[in-house]
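**Student:** take this sequence and fold it.
(chains A, B, C and D)
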Number of protein chains: 2
Amino acid sequence: MEKPVLSESQEDYLKEIFKLREMNVTVSMQDLAKKLDVRPPSVTGMIKKLCSMDLVEHEPYKGVQLTETGEKIAIEVLRHHRLLELYLAKHLNYSWDEIHDEAERLEHVISEKFEAAIAELMDHPTHDPHGDPIPSVELEFPDSPDLTPLTTCKTGRMMTIKRVMTQDKDILNLLTRLELTIGNIITIKGTESAGIRLKVSDNQYLIPHTIAKLIWCHEDN
Amino acid sequence: MEKPVLSESQEDYLKEIFKLREMNVTVSMQDLAKKLDVRPPSVTGMIKKLCSMDLVEHEPYKGVQLTETGEKIAIEVLRHHRLLELYLAKHLNYSWDEIHDEAERLEHVISEKFEAAIAELMDHPTHDPHGDPIPSVELEFPDSPDLTPLTTCKTGRMMTIKRVMTQDKDILNLLTRLELTIGNIITIKGTESAGIRLKVSDNQYLIPHTIAKLIWCHEDN
DNA sequence: ATTTTAAGTTAGGTATGGCTAAATTAATAC
DNA sequence: GTATTAATTTAGCCATACCTAACTTAAAAT
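**Tutor:** Here you go, the predicted structure:
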């Protein structure tokens, strides 16, 4: 099976389908339209094309799925994206709110050589600056321990922040100011109607649920 | 004057016009078509558009010229390209025959931030791995000493290779094998009908004129 | 000066990837 | 079960940036 040449748009569609699939069971045309910031008819059209290329399967009104080939391509794009994010952060001094947009543009144009070079340079990392897993060259995801969102953490526990499920600059900046960054250890003080109360370093904060649900943690031993 | 948003194609047109202008006095539609690997009618069409955007001036059948704005954009793209070439070579271990194609794709998508980051990291370099000058952030070219192509160097002189005027992989690889790389010192042994005879390290070579004219040197003191 | 050739332009067409407005299908509410 | 609402698709359009074929203009050759 030859690897088809795809446009940047097509790569974006596949990547978004993959990411949506990780959350929802089914991926609707609307979901895609929202994520890709295009109107539903454009999605219908593109999905039709990707179907004819055997990269996705589509049961009308039921949802979209990636084929094996489609998934491979999606994961490759994801690998590019996350390697780039980490590279920008580690080697070009980007902060974690700046890396997404740049990676979004670069991911489609870098060569295999470039990918290999930065992967090598960073010693084949498994997670990007947001804690998102980086698939290997063989397109396998690293196994990761069970993570729970901050919203369902039990009171009294100490947890390590392992992943932040947003690319929103304002939220990322807020988290930085609150020291809620990857690897930092927090103690859950309790759940209130307004949000989760927790301690980081010597500070206590009340984190609204909307933000707390973006922060995924692992319980410390 | 606002900076217009350009497509990658448009940036390429401006860049090529600039580069051709450095060699020829006038830039014909054909020259452009050849360099950009498109057919003449496409050039006519695009030049018409760039004219309407006040980025080029075009006297039909006489040639194309960049306006001030057009030239600024061209030089910015050139700066991106050459910074990227050097970056790939210095930080990602690319050899000089591999950098052009990658830079060609990256130059259109990197942000100002990326440009600034790699420029900083390399301490604001003035020349890329082929010896091509890198314009400054202010879009000024570094002043460079007078260079002469190998074809017109005088017998007996010792010269330093300062610039190689090709991106052709095969030629670049050949030059590497012959040690005809930037900074290396050569001695002109004489001109023969078949080419230029010269010495590098302890080896003597006869370089055909077609290749010799691509190699620009500076006379050593 | 006329012919030939080269360079450039015009006309009309293609593919990509968007869009809106209108129609259709499926799901939900009563 | 019919009516309403939400999701999706169809139809038809737009811009970009190419293309070929045919025509025009300018330059060169005799």
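
**Student:** can you tell me the element A:E22 falls in?
**Tutor:** Element membership of A:E22, judged by DSSP states H and E, is helix A:8-23.

**Student:** now for that helix, which elements pack on it?
**Tutor:** helix A:29-36, helix A:40-52, strand A:56-59, strand A:63-66, helix A:68-91 (3 or more C-beta pairs under 8 Å, 6 or more residues apart in numbering or on different chains; DSSP states H and E). For the C-beta atoms, the positions are set from N, CA and C on the backbone; glycine is no exception.

**Student:** let me know which of these is the nearest to DNA strand C.
**Tutor:** helix A:40-52 (3.3 Å; C-beta to the nearest atom of the strand).

**Student:** and that closest one with helix A:8-23, angle?
**Tutor:** Relative orientation of helix A:40-52 and helix A:8-23, computed by axes from the mean of the first three to the mean of the last three C-alpha atoms, to 10 degrees: 90 degrees.

**Student:** list the buried residues for helix A:40-52?
**Tutor:** Buried residues in helix A:40-52, counted by 16 or more other C-beta atoms under 10 Å in any protein chain shown: A:S42, A:V43, A:M46, A:I47, A:L50.

**Student:** tell me who's in contact with the second one.
**Tutor:** By that I understand A:V43. The contact partners of A:V43, by C-beta atoms under 8 Å, 6 or more residues apart in numbering or on different chains, come to A:Y13, A:M29, A:L32, A:A33, A:L36.

**Student:** okay if I get the helices and strands packed on helix A:8-23 as JSON lines plus mean pLDDT?
**Tutor:** Converted to JSON lines, the helices and strands packed on helix A:8-23 look like this (pLDDT from 0 to 100):
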{"stretch": "helix A:29-36", "mean pLDDT": "95"}
{"stretch": "helix A:40-52", "mean pLDDT": "96"}
{"stretch": "strand A:56-59", "mean pLDDT": "92"}
{"stretch": "strand A:63-66", "mean pLDDT": "93"}
{"stretch": "helix A:68-91", "mean pLDDT": "97"}
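
**Student:** separation between the residue most central in space within chain A and B:I185?
**Tutor:** In chain A, the residue lying closest to the centroid (C-alpha atoms, centre = their mean) is A:D132, at 5.3 Å. A:D132 is 51 Å from B:I185, where distance means C-beta to C-beta, to the nearest Å.

**Student:** show me where chain A dips below the pLDDT cut-off.
**Tutor:** Filtered on pLDDT under 70, chain A yields the residue ranges A:1-2.

**Student:** those residues of it touching DNA strand C, which are they?
**Tutor:** Within chain A, the positions near DNA strand C by C-beta under 7 Å from any atom of the strand are A:7-10, A:12, A:36-39, A:41-42, A:45-46, A:49, A:60-61.

**Student:** from those residues, pick the one nearest B:Y87.
**Tutor:** Distance ranking of the residues of chain A next to DNA strand C against B:Y87, using C-beta to C-beta, places A:E8 first at 22.5 Å.

**Student:** thought the closest one was touching A:H108?
**Tutor:** Yes: between A:E8 and A:H108 there is a contact at 4.3 Å, judged by C-beta atoms under 8 Å.

**Student:** and the residue nearest to the centre of chain A, how close does it get to chain B?
**Tutor:** As judged by C-beta to the nearest C-beta, to the nearest Å, A:D132 and chain B stand 21 Å apart.

**Student:** could you find the closest non-adjacent residue to that residue?
**Tutor:** Spatial nearest neighbour of A:D132, excluding adjacent residues (C-beta to C-beta, 6 or more residues apart in numbering or on different chains): A:R82 at 5.7 Å.

**Student:** can you check A:L92 too?
**Tutor:** Sequence neighbours aside, B:A117 is the residue nearest to A:L92 in space, at 4.1 Å (criterion: C-beta to C-beta, 6+ apart).

**Student:** before we move on, the earlier item: okay if I get the buried residues of helix A:40-52 as CSV plus distance to B:L86?
**Tutor:** Formatted as CSV, the buried residues of helix A:40-52 follow (distance: C-beta to C-beta, whole Å):
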residue, distance to B:L86
A:S42, 40
A:V43, 41
A:M46, 38
A:I47, 42
A:L50, 38
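
**Student:** out of these, who's nearest A:P145?
**Tutor:** So of the buried residues of helix A:40-52, ranked by how close each gets to A:P145 (C-beta to C-beta), first place is A:L50, at 34.3 Å.

**Student:** residues in contact with the closest one?
**Tutor:** A:Q10, A:Y13, A:L14, A:V56, A:G70.

**Student:** which single one of those is nearest to chain B?
**Tutor:** Set against chain B, the nearest of those by C-beta to the nearest C-beta is A:Q10 (16.9 Å).
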